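Enquirer: just a sequence and a predicted model for now, questions to come.
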2 protein chains.
Amino acid sequence: MPHQVLIHSRFPKALMVRIGERYDLLNGMGRPPRESFTPEQLQSVRAMITAGGQALPPAVLDSLPALGAIVCYGTGYDGIDLAETRRRNIAVGHSPAANAASVADLAMTLLLAAMRRLLAADDYVRSGGWSGAKPSPLLRHPRGMTGRRIGVYGMGEIGRRIAARCAAFETEVAYHSRSRHDVPYAHHASLAGLAEWADVLMVAVRAGAETEHAVDADILRRLGPEGVIVNIARGSVIDQAALVAALEGGVIAGAGLDVYAHEPHAPDALTRLPNVVLTPHIGGHTVESHVAMQDCVLANLDAFFAGRPLAYPVK
Amino acid sequence: MPHQVLIHSRFPKALMVRIGERYDLLNGMGRPPRESFTPEQLQSVRAMITAGGQALPPAVLDSLPALGAIVCYGTGYDGIDLAETRRRNIAVGHSPAANAASVADLAMTLLLAAMRRLLAADDYVRSGGWSGAKPSPLLRHPRGMTGRRIGVYGMGEIGRRIAARCAAFETEVAYHSRSRHDVPYAHHASLAGLAEWADVLMVAVRAGAETEHAVDADILRRLGPEGVIVNIARGSVIDQAALVAALEGGVIAGAGLDVYAHEPHAPDALTRLPNVVLTPHIGGHTVESHVAMQDCVLANLDAFFAGRPLAYPVK
């Protein structure tokens, strides 16, 4: 009989097909397990799959007395209280780097689209503005990538890939992270220093208490009036109200956002701005990244049920 | 007294400010010179600035008996009949590579936006679809860049830069051009062979009689149902009716277009498609590329009036 695995978050079924071939999935469809399953059903569950960004309250852990492994689908694990899981002797695994290329690609999509005013350009063609020779919202040429100073905040798997992509666009790249990495980009000891130097800020830092609202009104002011900010990390890293104010007031030029303070809500103050490009947290969602994430989930589960350490443990 | 230079095409005045500081500009504002100036005024004009893509009919040359240099603002010179200018002993110059980075960047913008369905994603956030948990047009995950086979058609200054950018996205890159270049990508002897191999086709070839409608229904069929095509070269390279049919029929998945068969017109059949991203021929339009193009124009004019060969002659 296959091992039972609880699915804590709400995932599209298509994502679980491969995993379901090997495990017996108890799919809570995003509801607390106790609402979907009886205590008897939950009693013997030893492993669960969850979305790393979704909060996993102690009450859920309490409902799973046999739980030995939490496997995050994706890179993040900010919804997991690691002190708590350590105390309970629960192993936590994730999918490091599995979606990094996909997220970095979306970061570049957002940056380029914001810089080249893609939404206005497409609308100008479709609405007949171009063929009708109407006044163009694109008449003032934008600054492009050439020679731009790109600051990457965070130099993990995603930050590295963003930096490599940006470098191919004939830009200057530098970064800030707590520690210096073995990468061919200049390290700035502070985010403020990076923002002062850069005119593009790519937010790729891991979310957590120490990065909450790290990008505030002061950092945005340092980026300057030609500044563009892209966030594909977590909404909590940016003070969203300060960002809206900076975009409204011309403190910076534009933004590309895949993540927000309170998902799935993007405030009207943001969605009515013309100088932003907005996507609904789709950074990791490509065929390739899901296959890679499923590979990691399966490797973690297989190792756990074989009595070995997780293949991709959270460190 | 400064030398006189005729401006044949219609350029925004801001582009001509630097050139106007050194030369006396006769600005025809896009009209045939004889409509704006008297034969006496035109008689002594020795140099002109034109947009390379705009046709320069023999009648215009007839109206400029002293013309010795045609300076194209930009890379292209497909509007110039080189046999005719040679016969008349008129030097033709352009701005090679000046806008190549800017155009390559837009090609990447279009490719990434088409792949990641950026327009639908932004609309889903802005329209409240995301916060309202409405059925998402993005539910089916798209294929991303990772491992994609990218075929670059044309390996000039722009094609090279597109290839370098694509390579940074963890893709496989190959190309087709008449001759083999010293580049680290596989050469395909035919466009058909490249399209058969690739699932993304980046059109970056110089326009002309031999490339007219080079991308036809057969090439698109070879790209296949996950294929994406991007054109930042000239509209004439693609059989536009065949492209519309392929996009409507699912023969290929999507397209990103900056150029069209009859600019500034993009047909309704194209503008009503959801699987295309359309820009109004803005590839070369960034601050950086205009500065670089003005540098070339000035270098060409300065050389000509000093009696030297053009700095950037068309070869």
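Expert: In hand now; what should we look at? Numbering: from 1, shown residues only, chains lettered A, B, ... in the order given.
Enquirer: okay, and the beta partners of residue A:172?
Expert: Beta-bridge pairing of residue A:172 under DSSP bridges involves residue A:149.
Enquirer: now do residue A:71
Expert: residue A:49, residue A:93.
Enquirer: and the closest residue to residue A:88 other than its chain neighbours, what does it touch?
Expert: The shortest distance from residue A:88 to any non-neighbouring residue, by CB to CB, 6 or more residues apart in numbering or on different chains, is to residue A:61 (6.2 Å). For glycine as for every other residue, the C-beta is placed from the backbone atoms N, C-alpha and C. Going by CB atoms under 8 Å, 6 or more residues apart in numbering or on different chains, residue A:61 touches A:67, A:84, A:85, A:88, A:90.
Enquirer: ok, now residue A:150?
Expert: By CB under 8 Å, 6+ apart, the neighbours of residue A:150 are A:163, A:166, A:171, A:172, A:173, A:174, A:198, A:200, A:202.
Enquirer: my read is that residue A:180 contacts residue A:174, right?
Expert: No: with contact defined as CB atoms under 8 Å, residue A:180 does not reach residue A:174; the gap is 11.8 Å.
Enquirer: so the residue nearest to residue A:88 is in which element?
Expert: helix A:58-62 (DSSP states H and E).
Enquirer: again, but for residue A:29
Expert: Short version, using DSSP H and E: residue A:29 is in no helix or strand.
Enquirer: that one and residue A:36, how far apart?
Expert: Separation of residue A:29 from residue A:36 (CB to CB, to the nearest Å) stands at 7 Å.
Enquirer: show me which of the two is the more surrounded one.
Expert: Between residue A:29 and residue A:36, counting by other CB atoms under 10 Å in any protein chain shown, residue A:36 is the more crowded of the two (16 against 12).
Enquirer: mind listing what the residue nearest to that one when sequence neighbours are not counted touches?
Expert: Of all residues not flanking residue A:36 in the chain, residue A:28 sits nearest, at 4.5 Å (CB to CB, 6+ apart). Each residue near residue A:28 by CB under 8 Å, 6+ apart is listed here: A:6, A:7, A:8, A:35, A:36, A:37.
Enquirer: lowest confidence element among the helices and strands of chain A?
Expert: Of all helical and strand segments in chain A, the minimum by mean pLDDT, DSSP states H and E falls on helix A:13-22, at a mean of 90.
Enquirer: which parts of that helix are buried?
Expert: A:15, A:16, A:19 (16 or more other CB atoms under 10 Å in any protein chain shown).
Enquirer: which SSE is immediately downstream of it?
Expert: strand A:24-27.
Enquirer: using CSV, write out every CA atom in the least confident helix or strand of chain A.
Expert: Provided in CSV are the C-alpha atoms of helix A:13-22 (Å, rounded to 0.1, in the frame of the first residue of the first chain):
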residue,chain,number,x,y,z
LYS,A,13,-4.7,18.8,-9.6
ALA,A,14,-2.5,18.6,-12.7
LEU,A,15,0.5,19.4,-10.4
MET,A,16,-0.2,16.4,-8.2
VAL,A,17,-0.7,13.8,-10.9
ARG,A,18,2.9,12.6,-10.9
ILE,A,19,3.1,12.6,-7.1
GLY,A,20,-0.2,10.8,-6.9
GLU,A,21,1.1,7.9,-9.0
ARG,A,22,3.5,7.0,-6.2
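Enquirer: neighbour count winner among residue A:180 and residue A:174?
Expert: Set residue A:180 next to residue A:174 and count neighbours by other CB under 10 Å: residue A:174 wins out with 17 against 10.
Enquirer: can you give me phi and psi for that one?
Expert: Note on residue A:174: backbone dihedrals following degrees, to the nearest 10 are phi -140, psi 170.
Enquirer: my read is that it contacts residue A:187, right?
Expert: Yes: counting by CB under 8 Å, residue A:187 is a contact partner of residue A:174 at 7.3 Å.
Enquirer: in chain A, which spans are helices?
Expert: A:13-22, A:33-36, A:39-43, A:58-62, A:82-87, A:100-115, A:118-126, A:157-167, A:191-197, A:217-223, A:240-248, A:268-271, A:287-305 (DSSP state H).
Enquirer: adding distance to residue B:147, write the ones you listed out as TSV.
Expert: Shown next, in TSV, are these (distance: least, CB to CB, whole Å):
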stretch	distance to residue B:147
helix A:13-22	18
helix A:33-36	37
helix A:39-43	40
helix A:58-62	37
helix A:82-87	33
helix A:100-115	9
helix A:118-126	25
helix A:157-167	14
helix A:191-197	32
helix A:217-223	34
helix A:240-248	34
helix A:268-271	34
helix A:287-305	6
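Enquirer: residues in contact with residue A:34?
Expert: A:42, A:63.
Enquirer: just the buried residues from the contacts of residue A:61, in ChimeraX please.
Expert: Buried subset of the contacts of residue A:61, written as a ChimeraX selection, criterion 16+ other CB under 10 Å:
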select /A:67,85,88,90
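Enquirer: among the contacts of residue A:61, which pair sits farthest apart?
Expert: Maximum pairwise distance among the contacts of residue A:61 (CB to CB): 11.6 Å, between A:67 and A:84.
Enquirer: how close does the residue nearest to residue A:286 when sequence neighbours are not counted get to residue B:7?
Expert: Counting by CB to CB, 6+ apart, residue A:286 lies nearest to residue B:144, which is 3.2 Å off, once chain neighbours are set aside. Using CB to CB, residue B:144 is found at 45 Å from residue B:7.
Enquirer: of these two, who's got more company?
Expert: Set residue B:144 next to residue B:7 and count neighbours by other CB under 10 Å: residue B:144 wins out with 27 against 24.
Enquirer: ok, the more buried one to residue A:21 distance?
Expert: 24 Å.
Enquirer: much appreciated, bye for now.
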